[in-house]
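A.B. asks: Here you go, sequence then predicted model.
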Amino acid sequence: MKSDAMSRWDRETLRVVQFAVCISFFAFLYYFRHGDLLLYGDAVAHTNIARKVFDSRTPGLLQLGTVWLPLPHLLIIPFVMIDSMWQSGVGASIPSLIAYVLGTAGIFRLVRGSLGFDSMSSVPARVAAWFAASIYAVNPNLLYMQATAMTETLYLAWFIWAVVHFAEFVQEASVSGESRNPSSSLVKCGLCVAGACLTRYDGWFLGAALCVAALAVMLRSSHEKTLRTGWVKFVLLSAVVPVLWIAYNAVVYRNPLEFSNGPYSAKGIELKTSVAGSPPHPGTHNLIEAGNYFLKSGELNLANGSWGRLWVLVLLLGIGATTLNERRLWPLLLLGIPLPFYMLSIAYGGVPIFIPAWWPFTRYNVRYGLEFLPMFAVFTALAGYFIASRFREAKRKAAVATAFAVLVVGSYAFIWRDPICYQEAWINSRTRIALEAELASNLKKLPRDAGVLMYLGDHVGALQRAGIPLRRVIYEGNHRTWKQPSDPDGLWERALDNPGHYVDYVIASQSDEVSLRAQKNQLISIAVIHVSGQQPVTIYWAHPLPADTPGNHPR
């Protein structure tokens, strides 16, 4: 009986995967044809961090840096080895596309498993699982993000499957005499947590929360003795990534928390950009306000205006209905873990979220609200399921299903053409893309074998557009990072001191380190690129002319 149910389960999960693959493909094709894969500056950075591991004057894993965790870049590497896939951004999108499909299947399995195999023939139960998967899969903001190299979609897949396996662990641990070892699900959960920890720092918080929850389940289970080994393995899997990453930072950067308080961390950037006498961003040192901004960003990823408030109301209804009807489903509440994490990050971690409706009335990091999408999807579907289950008449059940479908279709319809994650990317990228396009057109005129000195943290996208291999460029990553505060023998430092000995051209933004050295060395400017809203970028000829040479210089 159970094996037959499992067989049907697998067939239906396969249909969900096929459904997700079709939607993913057409959404990706739409954004690819409109040239929107690389709107986010972070998407460009992720793509080129992966590329630098093998395309650099100093290739190797140290090119992965420290602020961003390494797994997204490691997954991207095989796909950006092909130049055309690197330049277009297609290669860097592939891991996100796969993660989107896995995340959709995970939502389906989570709801389906929570309602139980024995209810496979129940129409409301099957509809609830499909409905939750559909809410997740057709969300316009997620469909844009899964077409890019951003890390949110990949993290969501790890997060969802961690909760899936944890919920199965809780179910198995609560059944006396269960033949299946609950530790198996817990170890699978640990592997997903390790993947999440390698993807985003949100995973570190997730791992700590699940370790505590797993301990509580173990202590109350009749399988306590047999679960101890599984729990120890789970803790080790959850802790190994943070421990190794801190050790890596201690060895390579001489600061175990370089990723958290270094010059390129969220805190470091905030210190450089904040204005003295005013709060760096809304929610600083205020957990309540920080929580409000995160929740509002979650609303905006689902709907605009009053539609968003309806989603919150339905979410609360779903949580209440689930708690009252099926207390055994409490592991689903773990989908709310992003809320305390972002409350703490906004209040004390230097992480800002700006939304258009509230001060400072702009869009920045609104995409973080997507991490609340799994909770909205699951509990909205469960709200409909428990309400429909109270009625015997098919017409009333259908009316409930219709009402919930109207909520989803209506709210998504209003944001379909202009989802806020796309708005954020487009609005914040316009001037950067204009400058990089102009710079790329100038770079294409340089000799094909010319060497370049450039700070890649600003406009690496110009090199990507121009198709210039990064091994032709000397940049800030071409040195030994463990030599602090600088590496006198590093290629980067030596090229800054004497550009003409190492490269033919120098590209500098106004007031950056390269610009200051170019002026000190009295290099000759051959082009200055001006774009409104961006610092001017100057291309220099790296070889100073003799004093008696006429004013003509190479162009």
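C.D. replies: Nice, I can see it.
A.B. asks: Next secondary structure after the strand or helix carrying Leu295?
C.D. replies: Here Leu295 sits within helix 287-300, counting by DSSP states H and E. Reading on from helix 287-300 to the C-terminus, the next helix or strand found by DSSP H and E is helix 306-325.
A.B. asks: State the mean pLDDT of that next one.
C.D. replies: The average pLDDT within helix 306-325 is 94.
A.B. asks: okay, the angle between the next helix or strand after that helix and helix 287-300?
C.D. replies: Next helix or strand after helix 306-325 toward the C-terminus (DSSP H and E): helix 338-348. On the basis of axes from the mean of the first three to the mean of the last three Cα atoms, to 10 degrees, helix 338-348 is oriented at 130 degrees to helix 287-300.
A.B. asks: What is the helix holding Leu295 packed up against?
C.D. replies: Helices and strands touching helix 287-300, as assessed by 3 or more Cβ pairs under 8 Å, 6 or more residues apart in numbering; DSSP states H and E, comprise helix 306-325, helix 338-348. For the C-beta atoms, the positions are set from N, CA and C on the backbone; glycine is no exception.
A.B. asks: and the first one, what other elements does it pack with?
C.D. replies: Using 3+ Cβ pairs under 8 Å, 6+ apart as the contact criterion, the neighbours of helix 306-325 among helices and strands are helix 287-300, helix 373-388, helix 394-415.
A.B. asks: Please identify the most buried of those helices.
C.D. replies: Highest mean neighbour count of these: helix 373-388, a mean of 25 (counted as mean count of other Cβ atoms under 10 Å).
A.B. asks: what's the average pLDDT for that one?
C.D. replies: 96.
A.B. asks: Which strands or helices does it pack on?
C.D. replies: Partner elements for helix 373-388 (3+ Cβ pairs under 8 Å, 6+ apart): helix 90-115, helix 123-137, helix 152-173, helix 306-325, helix 394-415.
A.B. asks: Any chance of JSON lines for the ones you listed, columns distance to Ser260?
C.D. replies: As requested, the helices and strands packed on helix 373-388 are exported to JSON lines (distance: least, Cβ to Cβ, whole Å):
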{"stretch": "helix 90-115", "distance to Ser260": "25"}
{"stretch": "helix 123-137", "distance to Ser260": "31"}
{"stretch": "helix 152-173", "distance to Ser260": "18"}
{"stretch": "helix 306-325", "distance to Ser260": "32"}
{"stretch": "helix 394-415", "distance to Ser260": "34"}
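A.B. asks: thinking again about what came up before, so for His34, which of the helices and strands packed on helix 306-325 sits nearest?
C.D. replies: helix 394-415 (16.9 Å; Cβ to Cβ).
A.B. asks: what sits up against whatever helix or strand comes next after that closest one?
C.D. replies: Where DSSP H and E defines the elements, the next helix or strand beyond helix 394-415 is helix 420-443. Outside helix 420-443, the residues within contact range by Cβ atoms under 8 Å, 6 or more residues apart in numbering are 36, 39-41, 43, 140-141, 144-145, 148, 300-301, 356, 362-367, 370, 452, 459, 461-463, 465-466, 468, 507, 527, 529, 531-534, 537, 539.
A.B. asks: same check, this time on stretch 288-298
C.D. replies: 282-283, 308, 312, 338-339, 342-347, 353, 355, 357-358, 365-373, 376.
A.B. asks: If we use 7 Å, what do you get?
C.D. replies: 282-283, 339, 342-343, 346-347, 353, 355, 358, 366, 368-369, 372 (Cβ atoms under 7 Å, 6 or more residues apart in numbering).
A.B. asks: Tell me the one of these nearest Gly91?
C.D. replies: Nearest to Gly91 among these, with distances taken as Cβ to Cβ, is Tyr368, at 25.1 Å.
A.B. asks: burial measure for that closest one, as a count.
C.D. replies: 25 (other Cβ atoms under 10 Å).
A.B. asks: show me the contacts for it.
C.D. replies: Taking Cβ under 7 Å, 6+ apart as the test, what Tyr368 contacts is 294, 297, 342, 353.
A.B. asks: for the last one, what are its contacts?
C.D. replies: Contact criterion Cβ under 7 Å, 6+ apart gives 293-294, 297, 346, 364-366, 368 as the residues in contact with Ile353.
A.B. asks: Would you mind giving the residues you listed as TSV with distance to Ser84 added?
C.D. replies: As requested, the contacts of Ile353 are exported to TSV (distance: Cβ to Cβ, whole Å):
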residue	distance to Ser84
Tyr293	40
Phe294	39
Ser297	35
Ile346	39
Tyr364	32
Asn365	31
Val366	31
Tyr368	32
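A.B. asks: Quick one: these as a markdown table, columns for pLDDT and distance to Gly65 too.
C.D. replies: Listed next are these as a markdown table, based on pLDDT from 0 to 100; distance: Cβ to Cβ, whole Å:
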| residue | pLDDT | distance to Gly65 |
| --- | --- | --- |
| Tyr293 | 97 | 28 |
| Phe294 | 98 | 26 |
| Ser297 | 97 | 27 |
| Ile346 | 97 | 24 |
| Tyr364 | 96 | 22 |
| Asn365 | 97 | 20 |
| Val366 | 97 | 25 |
| Tyr368 | 98 | 21 |
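A.B. asks: Which of those sits closest to Trp245?
C.D. replies: The closest of those, once distances to Trp245 are taken by Cβ to Cβ, is Tyr368, at 20.8 Å.
A.B. asks: Now do the SS call for that closest one.
C.D. replies: helix (DSSP: H, G, I helix; E, B strand; the rest coil).
A.B. asks: how close does it get to Arg200?
C.D. replies: For Tyr368, the distance to Arg200 equals 10 Å [Cβ to Cβ, to the nearest Å].
A.B. asks: what does Val67 give?
C.D. replies: 12 Å.
A.B. asks: again, but for Asn141
C.D. replies: Taken as Cβ to Cβ, the span from Asn141 to Arg200 is 17 Å.
A.B. asks: Repeat that for Val452.
C.D. replies: Val452 is 32 Å from Arg200, by Cβ to Cβ.
A.B. asks: show me the residues around Trp158 that make contact.
C.D. replies: By Cβ under 7 Å, 6+ apart, the neighbours of Trp158 are 192, 195-196, 199, 203.
A.B. asks: Spatially, and excluding backbone neighbours, which residue is closest to it.
C.D. replies: Residue nearest to Trp158 in three dimensions, not counting chain neighbours: Ala196, with 3.8 Å by Cβ to Cβ, 6 or more residues apart in numbering.
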